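A.B. asks: everything below, folded, please.
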Amino acid sequence: DSTVSEFFIDEESFRVLFFHRFKLYSTTNMASRQFTQFFTKQSRRHLHRSLIPTISRNPKFHGSVSSPAITSAIAFLRSSSTLCALNADPQAEKGPTLGKYATPSRYLSDDPANNITPHIASLVGRDLHLRTNHPIGIIRSKIQEYFQSLGKSANVNDGTNFQIFNAEDPIVTTTQCFDDLLIPPNHPGRSPSDTYYVTPTTLLRTHTSAHQSQHLRNGWDAFLCCGDVYRRDEIDATHYPAFHQMEGVKLLRPELVKGAVGLTGDDWLNSPECALIEEDLKMTLEGLMDQLFGSGTTKRWNADYFPFTSPSFELEIYHNDEWMEVLGCGVIHEGVLNLSGRGDRRGWAFGLGLERLAMILFSIPDIRLFWTEDERFHSQFQSGEIVKFKSYSKYPPVFKDIAFWTASAGRDEETSRWKNSNEFVENDFFDLVRSTAGDLVERIELIDAFTHPKTGRSSRCYRISYRSMDRSLTNEEIDHLQFKIRDECEGALGCELR
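C.D. replies: Below is the predicted model:
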């Protein structure tokens, strides 16, 4: 098509075309690794084979301009074999609502430490917690309203006023996310297998606690911090690499804990002031559970461990005939307060996952639904109301297995046995699958693993369950995705397919 062959576009306009005209967000089944390839030197040859010969720095197209070339390019790209089924959900007529941090190029780079995929970059800045008619936004609002109501009464929670932070930068430093919270250098949460790094010293926050120290340094005595957080994790109905947390912090008035000045270690933990903070913390959070789940909700406290609180606890509620963990909390470690320049104060902190609460309260069965733009989902929810989600469809799954030998470090000269490289990280495989097939992947299960008795090589077999929340899938399109995953396993992970 000669019209398409004359199509020129600059990088930023191409992003506009991809992320707005094509609505390439998490509910589509794009092979998102392709996105990065379009902006590398090698991509120019790739695009040439795709009949779009040049990405020019002197563009003839800008996002607001319509032309026959753009129409032709869109039609071509929709059917291009270089992308996986670029068909947005017909029910999702609107693209995702994007916030001020929705700039994918900000998170994607050639830095060797950068392990953020285009799929993850496309999720940043969606601001689900700020949508008033979204389950995540509804839960966020109810929690904040509860804490704001406490500040209106001198008889409850000391009349403390909680400052609200809802729109902080998702990129934080390793100091903010780990060091300021006393998380040791060898903690698995620092590993690239668990965390999305932008550079060696910056990352997508893994918890909203990453903002705790900065707000304490800025002089805030009580605050709530809500936002999206990112972790590399397994794939199933309750785990997603992006989710939302609420962090709460309160420092008690100095006169209430003046007897704790100078106390550390066991002397502090056994002091009446520490017991007072624990009592205030538990009373406050039990009230929150009554607010969300109804007065008289059955609760129980369990001892827990977090590096940044001591003592630490988890709170469970009895709901739908089972005990369910809803949050973690504790008395802020004096080391954290010292690092924040607030060593003369004492208080508590908690953190909870909004998706977890929303799935319970709204009876939402699959965490991927929070990210859909399908109106059949969104039309069910209104600001301030908690209603049970009504499933609008249940399309059949498609199952595909993949088996491979993990990467090897070669044969041992003396035994002739294969030496396993110990470089296979399961989260790398999960991220690869998610990046290739997006939210069409419902679950990944390890169904077989063994070590060959003679060669010593390690083998794994995974079952990938594909299921769309919006339409029926065909074997043909899933086969296409499965072959791409197989290719990536060999190329990116160094595995040998079986």
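
A.B. asks: quick check: next helix or strand after the host helix or strand of Gln291?
C.D. replies: Here Gln291, judged by DSSP states H and E, is contained in helix 272-293. Remark: after helix 272-293, the chain's next helix or strand is strand 299-306, criterion DSSP H and E.

A.B. asks: helix 272-293 and the following helix or strand past that following strand, what's the angle between them?
C.D. replies: As assigned by DSSP H and E, the chain's next helix or strand after strand 299-306 is strand 309-319. Counting by axes from the mean of the first three to the mean of the last three C-alpha atoms, to 10 degrees, strand 309-319 lies at 30 degrees to helix 272-293.

A.B. asks: average pLDDT for strand 309-319?
C.D. replies: Mean pLDDT, strand 309-319: 96.

A.B. asks: what helices and strands are in contact with it?
C.D. replies: helix 272-293, strand 299-306, strand 322-332 (3 or more C-beta pairs under 8 Å, 6 or more residues apart in numbering; DSSP states H and E). Placement of C-beta: from N, CA and C, glycine included.

A.B. asks: dump these into JSON lines; add mean neighbour count, distance to Cys225 and mean pLDDT as well.
C.D. replies: Formatted as JSON lines, those follow (neighbours: other C-beta atoms under 10 Å; distance: least, C-beta to C-beta, whole Å; pLDDT from 0 to 100):
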{"stretch": "helix 272-293", "mean neighbour count": "17", "distance to Cys225": "16", "mean pLDDT": "96"}
{"stretch": "strand 299-306", "mean neighbour count": "14", "distance to Cys225": "16", "mean pLDDT": "96"}
{"stretch": "strand 322-332", "mean neighbour count": "19", "distance to Cys225": "14", "mean pLDDT": "96"}
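
A.B. asks: turn the ones you listed into CSV, including distance to Met359.
C.D. replies: Shown next, in CSV, are those (distance: least, C-beta to C-beta, whole Å):
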stretch, distance to Met359
helix 272-293, 13
strand 299-306, 19
strand 322-332, 10
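
A.B. asks: residues in contact with Glu355?
C.D. replies: 136, 240, 243-244, 367, 370 (C-beta atoms under 8 Å, 6 or more residues apart in numbering).

A.B. asks: how about those residues, which pair is most distant?
C.D. replies: Ile136 and Tyr240 (11.8 Å; C-beta to C-beta).

A.B. asks: give me the common contacts of the two.
C.D. replies: Listed contacts common to Ile136 and Tyr240 are 355, 370; contacts here mean C-beta under 8 Å, 6+ apart.

A.B. asks: quick one, the helix holding Gln291 and strand 322-332 angle?
C.D. replies: Using the same axes, to 10 degrees: helix 272-293 against strand 322-332 is 140 degrees.

A.B. asks: does anything pack onto helix 272-293? Which helices or strands?
C.D. replies: So helix 272-293, by 3+ C-beta pairs under 8 Å, 6+ apart, packs with helix 135-150, strand 242-251, strand 299-306, strand 309-319, strand 322-332, strand 347-353, helix 354-362.

A.B. asks: what's whichever strand or helix holds Ile164 in contact with?
C.D. replies: Per DSSP H and E: Ile164 is located in strand 163-165. Contact partners of strand 163-165, identified using C-beta under 8 Å, 6+ apart, comprise 144, 148, 211, 215, 220, 222-226.

A.B. asks: circling back: quick one, which of the helices and strands packed on strand 309-319 is nearest to Pro188?
C.D. replies: strand 299-306 (14.0 Å).

A.B. asks: that closest one pairs with which strands, and in what direction?
C.D. replies: Within its sheet, and counting by DSSP bridges, strand 299-306 is paired with strand 309-319 (antiparallel).

A.B. asks: in the strand it pairs with, what's buried?
C.D. replies: Neighbour-count burial for strand 309-319, counted by 16 or more other C-beta atoms under 10 Å, picks out 309-317, 319.

A.B. asks: most widely separated two among the residues you listed?
C.D. replies: Ser310 and His319 (28.5 Å).

A.B. asks: mind checking how far the residue nearest the centre of the chain is from Ser363?
C.D. replies: Computing the C-alpha centroid of the chain and ranking residues by C-alpha atoms, centre = their mean puts Ala242 first, at 1.4 Å. Note on Ala242: its distance to Ser363, by C-beta to C-beta, to the nearest Å, is 22 Å.

A.B. asks: that older thread, and the contacts of Glu355, which are buried?
C.D. replies: Buried among the contacts of Glu355 by 16+ other C-beta under 10 Å: 136, 240, 243-244, 367, 370.

A.B. asks: so which of the helices and strands packed on strand 309-319 comes closest to Val198?
C.D. replies: That would be strand 299-306 among the helices and strands packed on strand 309-319, by C-beta to C-beta, at 24.8 Å.

A.B. asks: between that closest one and strand 347-353, how many degrees?
C.D. replies: 100 degrees.

A.B. asks: just the residues contacting strand 299-306, thanks.
C.D. replies: 282, 286, 289, 311-318, 323, 328, 330.

A.B. asks: the same query, at a cut-off of 6 Å, please.
C.D. replies: Residues external to strand 299-306 that are found in contact with it (C-beta atoms under 6 Å, 6 or more residues apart in numbering): 286, 289, 312-314, 316-317, 328, 330.

A.B. asks: how about stretch 374-389: buried residues?
C.D. replies: 374, 376-377, 380-381, 386, 389.

A.B. asks: on the three-state scheme, the closest residue to Thr117 other than its chain neighbours is what?
C.D. replies: Using C-beta to C-beta, 6 or more residues apart in numbering and skipping residues adjacent in sequence, the residue nearest Thr117 is Ser435, 4.2 Å away. At Ser435 the chain is in helix, as set by DSSP: H, G, I helix; E, B strand; the rest coil.

A.B. asks: number the residues from 631 up from this point.
C.D. replies: With the count now opening at 631, the last piece we talked about shows up as Ser1065.

A.B. asks: from Asn1105, how far off is Ser1065?
C.D. replies: From Ser1065 to Asn1105 the distance is 22 Å (C-beta to C-beta).

A.B. asks: quick one: which of those two has more around it?
C.D. replies: Here Ser1065 and Asn1105 are set side by side on neighbour count (other C-beta atoms under 10 Å), and the busier one is Ser1065, at 24 against 11.

A.B. asks: from what I can see the more buried one touches Pro748, true?
C.D. replies: No: Ser1065 is beyond contact range of Pro748, at 7.1 Å (criterion: C-beta atoms under 6 Å).

A.B. asks: sorry, back to before: Throw the buried residues of strand 939-949 into JSON lines and include distance to Ala979, thanks.
C.D. replies: Below are those laid out as JSON lines (distance: C-beta to C-beta, whole Å):
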{"residue": "Thr939", "distance to Ala979": "6"}
{"residue": "Ser940", "distance to Ala979": "11"}
{"residue": "Pro941", "distance to Ala979": "12"}
{"residue": "Ser942", "distance to Ala979": "10"}
{"residue": "Phe943", "distance to Ala979": "11"}
{"residue": "Glu944", "distance to Ala979": "13"}
{"residue": "Leu945", "distance to Ala979": "13"}
{"residue": "Glu946", "distance to Ala979": "19"}
{"residue": "Ile947", "distance to Ala979": "20"}
{"residue": "His949", "distance to Ala979": "24"}
